[in-house]
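> Structure, please.
(chains A and B)
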Amino acid sequence: MNVAVEMDAVRRSALLNLSEAGPAPKRVIAGFGFWTFLLSDIVMFSALFASYAVLAKATAGGLTGVQLFDQRNVAMETALLLLSSYTCGMMSLAINSRRYLATFLGAVATFLLGAAFLALELREFQGMIALGATPQRSAFLSAFFTLVGSHGLHVTVGLAWLVLMMVQLSLRGFQDVVVRRLHCFSLFWHALDIIWVLIFTIVYLMGVLP
Amino acid sequence: MTLLGKLDWSSIPFDQPIIMGTVGSVIVVIVSVLSWVTLKGYLPYLWREWITSVDHKRIGVMYIALALVMLLRGFADGIMMRTQQAVAAGGAQGYLPPEHFDQIFSAHGTIMIFFVAMPLVIGLMNFAVPLQLGVRDVAFPTMNSISFWLTASGVLLTNVSLAVGEFAKTGWFAYPPLSELQFSPGVGVDYYLWSLQISGIGTLLSGVNFVTTILKMRAPGMSYMRMPVFCWTALASNLLIVAAFPVLTALFAMLLLDRYLGFHFFTVDAGGNAMMYVNLFWVWGHPEVYILVLPAFGIFSEVTATFSGKSLFGYRSMVLATMAICVLSYTVWLHHFFTMGASASVNAFFGITSMIIGVPTGVKVFNWLFTMYGGRVRFTVPVLWTIGFMVSFVFGGLTGVLLALPAVDWQVHNSVFLVAHFHHVIIPGVLFGCMAGYNYWFPKAFGFRLDERWGKAAFWCWFLGFHLAFMPLYMTGLMGMPRRLQHYDVLSWQPWLLVAEVGALVILTGIICQIVQIVVSIRHREQLRDTTGDPWNGRTLEWSTASPPPAWNFAVLPRVDELDAFWAHKQRVLAKQELPVRQHAYQPIEVPKNSPVGFVTAFFAVVSGFALIWHIWWMAGFGVLGAAVTLLAFMFRTKDEVEIPADEVGLFDRAHPVEVSP
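Sure thing, here's the model as predicted:
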């Protein structure tokens, strides 16, 4: 859908050779730039994943993933985050057709689901720390808390950003700049899902392999 | 816990006469420059036209100025090391105690890579890329300003470490476990980590900015295969920034967590793995080499083509070689530590890839040679730097191929042979390239050329001094001399190191020539004035606008139909024997509005960085909050562009008709 909108904006003659069309419209530049930034963010996570993979067995006699990870909790977290991506997608559709109420509803749903995810994650961390499984205990736990915590930090930043965007939307309406930023927000939110799917697989599923 | 964390009067090394003398003179220089600026009433001008500027040309100039100042600092560190090693043989201990010597070699490496080479390269890209693409600015001009000021914050923090506390004593890559709290309890490593973390964010944002600019903003008609080679190399370099710098950010975050919160990523106990740091460091570090050298290759390409009066030989193969290097740079990192203990097949793999990456580089050298062959070469200063590069770089590259053999590498690992090798690629490759670019684009930036005679003198001093300073290190390296020695007992090394010292002094003469060159050029600027906008009979679009270009770069965006668009345009005009009718239908132009957000954010970044280094938690919170509020205020601004009326655009354009020089 978004791609179709962008194609309309490009001059018809330029369709023959898009690379000769001259400077792209702002909306394309903002989205593309933000995507590039997200790619760099994913590279950062890849370094954290690599360290986790190296240190996953370095438990230094402490608790291991099999003993710590609660599959039911993780399943709930995953469901909440994926659902929030769905509501975020609904919000994007509402923005494209410039519907205020639907946009706000989508945002509220996304926020609540994201916040619930974060609450479950914090509860999980709290439980682990209560068992003595702190990040200071072993290299494995250092890597675990850093990797999963970085994702959680991104979700937190996303939630704050969403609140700010709703404030901007109510103050300024569907101005170009607001729509561009909302577009970037949705890219960000979906990218966090990609990271979470990898965390789910590499940390939680592979972590409980016998 | 006190109000000022770990900071107290004992943090300032009053008992060290060398440091205190340096700090004293730096303070005197800063105070006198500041008071001169204030008394002359230049502050509002500086604030309006430079500090808050989001113009890519101004930001580029500031990057380069920053890099040149830091070159003096980095070079001072270098010559201090050379002097120490020239005298500290046998029983002599020289004039630098070990803990000071350790800080000097760490600071030298850190500063030269992060605060000289990086800002030089990014500055030249900032200045030239949008002009070469025929557009009005980069994709995100305010973010560009933030990038610059964050880099400057890192520079400031590193320099503060000279006066308050200490710098890292771990070498410029801060390998654990030495850089862990257990073995480096001081603030040195924290200075290193926070300055690089802050400036690294700036670099990453620059990378995002330029990738977007080059891929999404080019003049109408400029397809990828019509882009100047410098833009291609800038694209490759920035793709590498986007893909490599996040690894460094993650890596430093892990070491910071180890040091501040007792995590165990790289510690010797609780399962930490120090070699993981080394691997991740060079996963960033080897692409970094190409981040620096690819744009320099681009500059050499532009210079060679322009001053040979020919189009570049093998444009397509040059593009292909650039992108091949871009990809291959990720496959060689392990050659920095063949002695890690990986299996023979792992070492063989990385040895072979390291040799393969020499192939596209060789292609480039032949392309430059064939461009010059049969051309009418003008031996200007940029051409001298280019030829000097070609001669030296091939030599440095060959020692690299030698080091790519794991069996040889085991013999000379961590010796000064290695030091000689990487200086032999980085100085001719990156620094000579940036000096060529600096002399080449200076008239575009300021409207007058740099003095040729002093420029040539500077080149010859650098060229000869460089070889005098580093060739002896190959010899002592083969004789078994390890790097980073504060003193040594083998007297047969000393004659070589004395020669190296002489070389460093010759380089110093070169630097003095460069300072004189600027002063002389400014004094004679009327004779050196470039009124045409095209002082070198250039080929690419930056020469088709006035020198210095207006804030909007081009009154009308140029239409590009082929490679070397401006050259082709001039040829058509010459063939017709008449100047084309100037377009008079000027449109109003929107240019990005100046913004203090970069400067203010960087101010708060320095505050938080300093506070975190010294464990002053309330101040760190204040700094982070301040930066957040600044960015928030920026997010809510209502106007980010100002419109230049069509009349003003037309007035400027008619006053600066670009003449076509034969």
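
> which residue does chain A bring closest to chain B?
Using Cβ to the nearest Cβ, the single residue of chain A nearest to chain B is residue A:58, 2.9 Å away. Bear in mind the C-beta positions are built from the backbone N, C-alpha and C, glycine included.

> can you give me phi and psi for that residue?
Main-chain torsions, residue A:58, degrees, to the nearest 10: phi -90, psi 70.

> which residues does it contact?
By Cβ atoms under 8 Å, 6 or more residues apart in numbering or on different chains, the contact set of residue A:58 is A:138-140, B:264, B:270-273.

> need the residues of the stretch 451-600 of chain B near chain A, please.
residue B:557 (Cβ under 8 Å from any Cβ of the partner chain).

> Now do the helices for the stretch 451-600 of chain B: every range, in order, please.
Ranges of helices within the stretch 451-600 of chain B are B:452-478, B:494-523, B:565-576, B:597-613, based on DSSP state H, counting those that start in this stretch.

> Whichever helix or strand comes after the last one close to chain A?
The one in question is helix B:597-613. Downstream of helix B:597-613, the first helix or strand assigned by DSSP states H and E is helix B:617-635. Yes - using Cβ under 8 Å from any Cβ, helix B:617-635 reaches chain A at B:632, B:635.

> which helices and strands sit right next to helix B:617-635?
helix A:139-172, helix B:597-613 (3 or more Cβ pairs under 8 Å, 6 or more residues apart in numbering or on different chains; DSSP states H and E).

> Residue B:202 is nearest to which of those helices?
The minimum distance between residue B:202 and these falls on helix B:597-613, with 8.4 Å, by Cβ to Cβ.

> Just name whatever secondary elements that closest one is in contact with.
helix B:141-163, helix B:188-216, helix B:617-635.

> Could you dump these into TSV and include mean pLDDT?
Shown next, in TSV, are those (pLDDT from 0 to 100):
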stretch	mean pLDDT
helix B:141-163	94
helix B:188-216	96
helix B:617-635	93
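
> Dump these into a markdown table; add mean neighbour count as well.
What follows is the helices and strands packed on helix B:597-613, written out as a markdown table (neighbours: other Cβ atoms under 10 Å in any protein chain shown):
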| stretch | mean neighbour count |
| --- | --- |
| helix B:141-163 | 24 |
| helix B:188-216 | 25 |
| helix B:617-635 | 15 |
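
> For residue A:159, which of the ones you listed is the nearest?
Among these, helix B:617-635 comes nearest to residue A:159, with 14.7 Å by Cβ to Cβ.

> For the stretch 301-450 of chain B, just list every one of the helices.
B:315-328, B:344-356, B:358-372, B:381-403, B:406-412, B:416-426, B:432-446.

> Over to chain A?
A:2-9, A:26-55, A:65-68, A:71-96, A:100-130, A:139-172, A:176-199, A:206-207 (DSSP state H).

> ranking those by mean pLDDT, which is last?
Lowest mean pLDDT within those: helix A:2-9, a mean of 45.

> what about residue 66, how many neighbours?
You didn't say which chain, so I picked chain A. Residues lying near residue A:66 (other Cβ atoms under 10 Å in any protein chain shown) number 10.

> Can you look at chain B instead?
19.

> Who are the packing partners of the one helix or strand it maps to?
Counting by DSSP H and E, the element that carries residue B:66 is helix B:56-87. Contact partners of helix B:56-87 among helices and strands, from 3+ Cβ pairs under 8 Å, 6+ apart: helix B:98-110, helix B:118-133, helix B:141-163, helix B:432-446, helix B:494-523.

> for the record, mean pLDDT for the first one?
Model confidence over helix B:98-110 averages 94 on the pLDDT scale.

> so how many other residues sit close to residue 167?
Since no chain was named, I'll use chain A. So residue A:167, with other Cβ under 10 Å, has 12 neighbours.

> sorry, should have said chain B
Neighbour count for residue B:167, taken as other Cβ under 10 Å: 26.
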